[in-house]
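A.B. asks: the sequence and its predicted three-dimensional model are supplied below.
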Amino acid sequence: MLATPPLPRLLPSGDAAITVEFSRTIDDVANQRVLALDRILARETIAGVTETVPTYRSLLVHYDPLRIDFDTLGVKLVTLAEQALPSNAKTRRWRIPVVYGGEHGIDLEDVAKILKTTTDDIVARHVGGDYRVAMIGFTPGWSYLSGLDTSLRMPRRQNPRLLTPAGTVSVGGVQAGIQCLAGPSGWHLLGRTAVRTYQLHRDPIFLLEPGDRVTFAAVDAATFAEQDRAAAAGEIVAELMAHE
Amino acid sequence: MSKLVISAIGPASSVQDGGRYGAQRYGLTPSGAMDRLALAAANGLVGNAPFAAAIEIGPFGASFVARQGAVRVGLTGASRNAAIAGRSIASDTSMTLAEGEILTLGFARGGSFSYVAIEGGIAGEPMFGSLAVNARAALGSPYPRPLQAGDELQTTPASSAPERRIELPRRVDGPIRVVMGPQDDEFADDAKHLFLDSEWKISAISDRMGYRLEGPAMEHLHGHNIVTDGTVNGSIQVPGNGQPIVLMADRGTSGGYPKIATVITADFGRFAQIPAGTGFRFQAISMALAQAELRKFAELLRTLPDRVKPIENFDLNIEALSDANVAGSAVSAVDIGTWQSPSPADASGPD
């Protein structure tokens, strides 16, 4: 590195958690630093730190104030953050099958109209993306992906839907997403995957980790139906490519 | 095995314990009791571990019947009229239901949640080490959803130990204390003063996910959208309409509204118990004071067993009854229909 990386801001999230903020905006370098600090804390555990939650631009560090106080932990986190740099660390890459359009992706045609192109073109641009799991949040397994083709960026829907299907693959703002459970969403629904990013009684219960790489592959409705049955029985229908 | 069968129960009632931690990085919220002190006290009354699973009962009434043997329970939390087979009983005491006897609980008064712990605990299959219900994630045991009439909770037969009572410190009515941040710099000083100087009320459109507050609208400096970041119990987020929402035990693990302040750990349970429609204020305190209060709260939890005393005679129980002031007749202002409404967070979706 040529220059010293900027120091993160330490923001109190109540009396038992610190937000380590690397950026105020969605910023790929900041996200990589968040993920790097998360890896460092997994390796060099600090007594009293109970749980870490990576997000786009900050790492939320939960701690037990009976074991470590705000100031002591803050100093340690800032020191470690200096080493938290974007790296070429090996990450897993998953290929996630998606059935696009029709009943599985009810906004695909509208998105094509808004962007003045064809549905095939939208699918090609979405499948062509090289994504990273920037964070997982909102509900179990809801994976927020960075790396969306800039031409697919568009504002979220004016009226969020109260119920969208399990496995929905969508875009919203600068982000792409894979949701696991059925639930509300204001994003544009492009398709569905049979992959369960969260499934009880399966090993692993959570499939994706923050920092994992993701690519999509288009499949037809019959393949989706078949994969959905297999996934319901506990199979991991995502393909794990080599670590890279 | 004895069992406690639910004869009738209102919404917002579920099996809760200390919660499931460790998977917030995957979007799984911890859940757990809204009022941890009341949970630990109820468990203490019946000799259970402090954060064992118990029944969290929302603002409305409930009734239970013991089957296949006697069942001992401990009752804490919001005051209610309570009776077993027609005999009035006091809050903060244990009591035993003989086979076939019915425990009835009225509406909550001066609080929102009561806890019924069962001697021997509730039989279930822990998920991530917890039986706590998280209905959105279909987690919780023996039922992954709020309790309903007809549900059965398996437990062990009541022991022959004497009944007990617990003397809890009187709850103060002072302001709810907060630590400012993490995004208080998204608000001008005027907005921060408005937040700290105004009286707030909890809206009836509230649930275990979030308490919506009613009061003056607060303006943001840079708009109401920030880049999603992590949340904690007690995060006070301010959405576009300027009306704060305090994130509670079933919160989303991340959120995209600026968070002006955070309720301190020691006051979270007291805040959770404020009934809808009752006015209260916030007070900002330093991190050092908040953590000192947290240590005091932890010490109170640790020493709860010392506060549990056997009830030696009936007179003492009568005394406990008058202490608990069960003769009052006020009813919670919360309406049964609105308490079931979709959560404020449900309307927005992921950020």
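C.D. replies: Received it, and whenever you're ready, just let me know what you need.
A.B. asks: tell me how many other residues surround residue 155.
C.D. replies: With no chain named, the answer covers chain A. Each residue near A:P155 was counted by other Cβ atoms under 10 Å in any protein chain shown, and the total is 10. All C-beta atoms are positioned from the backbone trio N, CA, C, and that covers glycine.
A.B. asks: nope, chain B
C.D. replies: Applying other Cβ under 10 Å, I find that B:T155 has 23 neighbouring residues.
A.B. asks: in this structure it contacts B:V116, no?
C.D. replies: No. The pair B:T155 and B:V116 fails to qualify as a contact (Cβ atoms under 8 Å) at a distance of 11.3 Å.
A.B. asks: partners of the helix-or-strand element of chain A with minimal mean pLDDT in the sheet?
C.D. replies: Each helix and strand of chain A was given a mean pLDDT (mean pLDDT, DSSP states H and E); the minimum falls on strand A:183-185 at a mean of 88. Strand A:183-185 has its sheet partners listed here by DSSP bridges as strand A:161-164 (antiparallel).
A.B. asks: from the chain's centre, how far out does the partner strand sit?
C.D. replies: Offset of strand A:161-164 from its chain centre (Cα atoms, centre = their mean, to the nearest Å): 20 Å.
A.B. asks: list the helices and strands the following helix or strand past that strand packs on?
C.D. replies: Reading on from strand A:161-164 to the C-terminus, the next helix or strand found by DSSP states H and E is strand A:168-172. Using 3 or more Cβ pairs under 8 Å, 6 or more residues apart in numbering or on different chains; DSSP states H and E as the contact definition, the elements that strand A:168-172 packs against are strand A:175-178, strand A:183-185, strand A:188-192.
A.B. asks: weakest of those by average pLDDT?
C.D. replies: Within those, the stretch with the lowest mean pLDDT is strand A:183-185, showing a mean of 88.
A.B. asks: residue 39 is in what secondary structure piece?
C.D. replies: You didn't pick a chain, so chain A it is. helix A:28-43.
A.B. asks: ah, no, chain B please
C.D. replies: Following DSSP H and E, one finds B:L39 within helix B:36-45.
A.B. asks: just the mean pLDDT for the helix holding A:R39, thanks.
C.D. replies: Averaging pLDDT along helix A:28-43 gives 94.
A.B. asks: hang on, the earlier thing: in a markdown table, list the helices and strands packed on strand A:168-172 along with distance to B:I274 and mean neighbour count.
C.D. replies: What follows is these, written out as a markdown table (distance: least, Cβ to Cβ, whole Å; neighbours: other Cβ atoms under 10 Å in any protein chain shown):
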| stretch | distance to B:I274 | mean neighbour count |
| --- | --- | --- |
| strand A:175-178 | 36 | 24 |
| strand A:183-185 | 27 | 22 |
| strand A:188-192 | 39 | 25 |
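A.B. asks: between those, which gets nearest to B:I6?
C.D. replies: Nearest to B:I6 among the helices and strands packed on strand A:168-172 is strand A:183-185; the distance by Cβ to Cβ comes to 27.6 Å.
A.B. asks: from B:T104, how far off is the most centrally placed residue in chain A?
C.D. replies: Centroid check for chain A by Cα atoms, centre = their mean gives A:Y144 as the closest residue, at 2.9 Å. Taking Cβ to Cβ, to the nearest Å as the criterion, A:Y144 is separated from B:T104 by 47 Å.
A.B. asks: how about the spatially closest residue to B:H220 that is not a sequence neighbour, what does it touch?
C.D. replies: The shortest distance from B:H220 to any residue other than its chain neighbours is 5.6 Å, reached at B:E186 (Cβ to Cβ, 6 or more residues apart in numbering or on different chains). The contact partners of B:E186, taken as Cβ atoms under 8 Å, 6 or more residues apart in numbering or on different chains, are B:220-222, B:226, B:258, B:260.
A.B. asks: rank those residues by pLDDT and give me only the lowest.
C.D. replies: For these, the least confidently modelled position is B:I226, at 75, judged by pLDDT.
A.B. asks: my read: it touches B:G240, true?
C.D. replies: No. Under the criterion of Cβ under 8 Å, B:I226 is not in contact with B:G240, lying 11.8 Å apart.
A.B. asks: can you map out the strands along the stretch 251-351 of chain B?
C.D. replies: B:254-255, B:259-263, B:279-280, B:282-284, B:308-310 (DSSP state E, counting those that start in this stretch).
A.B. asks: name the residues of stretch B:109-126 that are buried.
C.D. replies: Neighbour-count burial for stretch B:109-126 flags B:109-124 (criterion: 16 or more other Cβ atoms under 10 Å in any protein chain shown).
A.B. asks: now for the residues you listed: which two are most distant?
C.D. replies: Maximum pairwise distance in these, criterion Cβ to Cβ, is 32.6 Å, between B:G110 and B:A123.
A.B. asks: break chain A into its domains for me.
C.D. replies: Domain segmentation of chain A under automatic domain parsing yields A:9-83, A:93-241.
A.B. asks: pretty sure A:G74 is touching A:T19, no?
C.D. replies: No. Counting by Cβ under 8 Å, A:G74 does not reach A:T19; the two are 11.0 Å apart.
A.B. asks: ends of stretch B:155-164, what's the gap?
C.D. replies: Taking Cα to Cα, to the nearest Å, stretch B:155-164 runs 19 Å from one end to the other.
A.B. asks: many thanks, we can stop here.
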